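Visitor: fold the following.
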Amino acid sequence: MTLNAVIERYLLSEESIIKIREGEIKAEDFLLNDNEISVGIRVIIVGRNGRRRLTDLGLLQIIAKCGYLEFVKDYLDMSLTLKDIYKKYNIYTELEFIAYHYEECNKYVKDEDVKYTLLKVKDKILNRKGK
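Guide: Below is the predicted model of the structure:
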C-alpha cells in the first residue's frame, strides 16, 4: 500500500483514526507525495511485534520536508520503542520533534493554530531539559 492509498482509505473511512500495518508506508513516500498532507490525519501503526503507535501523517510529512528523513524512518520502525526514540533524538513524538526544530520547520506549517501549539510544546520540551 502506498501513502496515497492510506490517505484515501483514511478519508473514505470517515473515522478519526485508522489502523495500518507496519511497512504499509515508507519514509521516502513523504518526499514523493506532491500533495500536502493535512495535519490531523492520524493512523495507528500496528507493528509486527504487536506494538502500536499513534502517528500524524501530516506531521511526518513536515519532518521529511524539513530534511529529517532519518527520524521519519525511525518513527515508522515499530521495533523501536518511544524510549529508543527519546534516547536518540531527546523527544518522544513527531509533534515534539517539529517543535524542537521549530526555526527550521515552521515554514512547512501552514496552520497558525498548529504553529502556536508548536511554540508551547517547544517551551515544555526546553523546560523538561532544563534549558
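Visitor: for the chain, longest helix please?
Guide: Counting residues, the longest helix found in the chain (DSSP state H) is helix 112-129.
Visitor: the chain: helices as residue ranges?
Guide: 3-13, 29-32, 57-65, 69-76, 82-89, 94-100, 102-105, 112-129.
Visitor: any weak-confidence spans in this protein?
Guide: 1, 131 (pLDDT under 70).
Visitor: what's near enough to touch the residue nearest to the spatial centre of it?
Guide: Central residue of the chain (C-alpha atoms, centre = their mean): Leu60, 3.3 Å from the mean position. Contacts of Leu60 were listed using C-beta atoms under 8 Å, 6 or more residues apart in numbering, and they are Ala27, Phe30, Ile37, Val72, Tyr75, Leu76, Glu94. Where you see a C-beta, it was placed from the backbone N, CA and C, and this is true even at glycine.
Visitor: now Leu32
Guide: Leu32 sits in contact with Leu3, where contact means C-beta under 8 Å, 6+ apart.
Visitor: and with 10 Å instead?
Guide: Thr2, Leu3, Asn4, Lys26, Ala64 (C-beta atoms under 10 Å, 6 or more residues apart in numbering).
Visitor: filter those residues to the buried ones?
Guide: Neighbour-count burial (16 or more other C-beta atoms under 10 Å) applied to those gives Leu3, Ala64.
Visitor: okay, the contacts of Leu32 in a markdown table with distance to Glu104 next?
Guide: Shown next, in a markdown table, are those (distance: C-beta to C-beta, whole Å):
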| residue | distance to Glu104 |
| --- | --- |
| Thr2 | 27 |
| Leu3 | 23 |
| Asn4 | 26 |
| Lys26 | 23 |
| Ala64 | 13 |
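Visitor: follow-up on the earlier one: with only the CA atoms kept, save the longest helix of the chain in CSV.
Guide: Below are the C-alpha coordinates for helix 112-129, written out as CSV (Å, rounded to 0.1, in the frame of the first residue of the first chain):
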residue,chain,number,x,y,z
GLU,A,112,-1.5,29.2,12.6
ASP,A,113,-3.1,27.2,15.4
VAL,A,114,-0.5,24.4,14.9
LYS,A,115,2.3,27.0,14.9
TYR,A,116,1.1,28.4,18.2
THR,A,117,0.8,24.8,19.7
LEU,A,118,4.3,24.0,18.5
LEU,A,119,5.8,27.0,20.3
LYS,A,120,4.0,26.0,23.5
VAL,A,121,5.3,22.4,23.1
LYS,A,122,8.8,23.7,22.5
ASP,A,123,8.7,25.7,25.8
LYS,A,124,7.7,22.5,27.6
ILE,A,125,10.5,20.5,26.0
LEU,A,126,13.1,23.1,26.9
ASN,A,127,11.8,23.2,30.5
ARG,A,128,11.9,19.4,30.7
LYS,A,129,15.5,19.5,29.6
